[in-house]
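**Student:** Have a look at this fold, sequence not included:
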């Protein structure tokens, strides 16, 4: 599962923590499913873990189908609320399902995620929160989880940092001719 994490300003009229949208694997595709997580306000590992927990928990509630599209809002007092849709393989008709995941379930899964891949989630959140992003750049980073089982701390869990989050901002600075020598590096 590939994850794109974006950071946006918190909407003034909503207490939403995050939105999670999925982009399915194409039938002929060479990439895995992509989750687009939009965090609002300040980026922290706990909010990111709650958003990823919504993805993992929604997968458990859905029928196993390729091509599932999902949209969830993660709320601090309610949990995750949204829906998913997919095409029935036999009939070709569109099937939808409402999703309502309680906050306690999300929090428990988030604890598992932080235990399994906490350092990477903290690096992603710290990268999004850094004040020295180039002007006009959308704050967004990607990384990959091997599977939902891996994301939830299952057997054989591992995490790949495909985007090289730790080095990404350094490469942007070098491309813009803004390199910094830091003592001890």
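**Tutor:** Nice, I can see it. Just so we're clear, the structure is a prediction, and the values are computed from it rather than from any experiment.
**Student:** Centre of the chain to stretch 120-135, how far?
**Tutor:** Here stretch 120-135 is found 14 Å from its chain centre; the criterion is C-alpha atoms, centre = their mean, to the nearest Å.
**Student:** again but with stretch 42-55, I slipped
**Tutor:** On C-alpha atoms, centre = their mean, the centre of stretch 42-55 falls 7 Å from the chain's centre.
**Student:** Excluding its own residues, what touches it? List them.
**Tutor:** 1, 3, 5, 7, 17-18, 20, 22, 35, 37, 39, 41, 70, 72, 74, 79-80, 101, 105-107, 109-114, 118, 121-122, 124-126, 128-129, 139, 145, 148, 151 (C-beta atoms under 8 Å, 6 or more residues apart in numbering). To be clear about C-beta, it is placed using only N, CA and C from the backbone, and glycine gets the same treatment.
**Student:** For this protein, which residues score under the pLDDT cut-off?
**Tutor:** Applying pLDDT under 70 to the chain flags residues 25-32, 62-66, 146-185.
**Student:** circling back: from the contacts of stretch 42-55, list the buried ones, please.
**Tutor:** The neighbour count (16 or more other C-beta atoms under 10 Å) marks 1, 3, 5, 7, 17-18, 20, 22, 35, 37, 39, 70, 72, 74, 79-80, 101, 106, 109-110, 112-114, 121-122, 124-125, 128, 145, 148, 151 as buried among the contacts of stretch 42-55.
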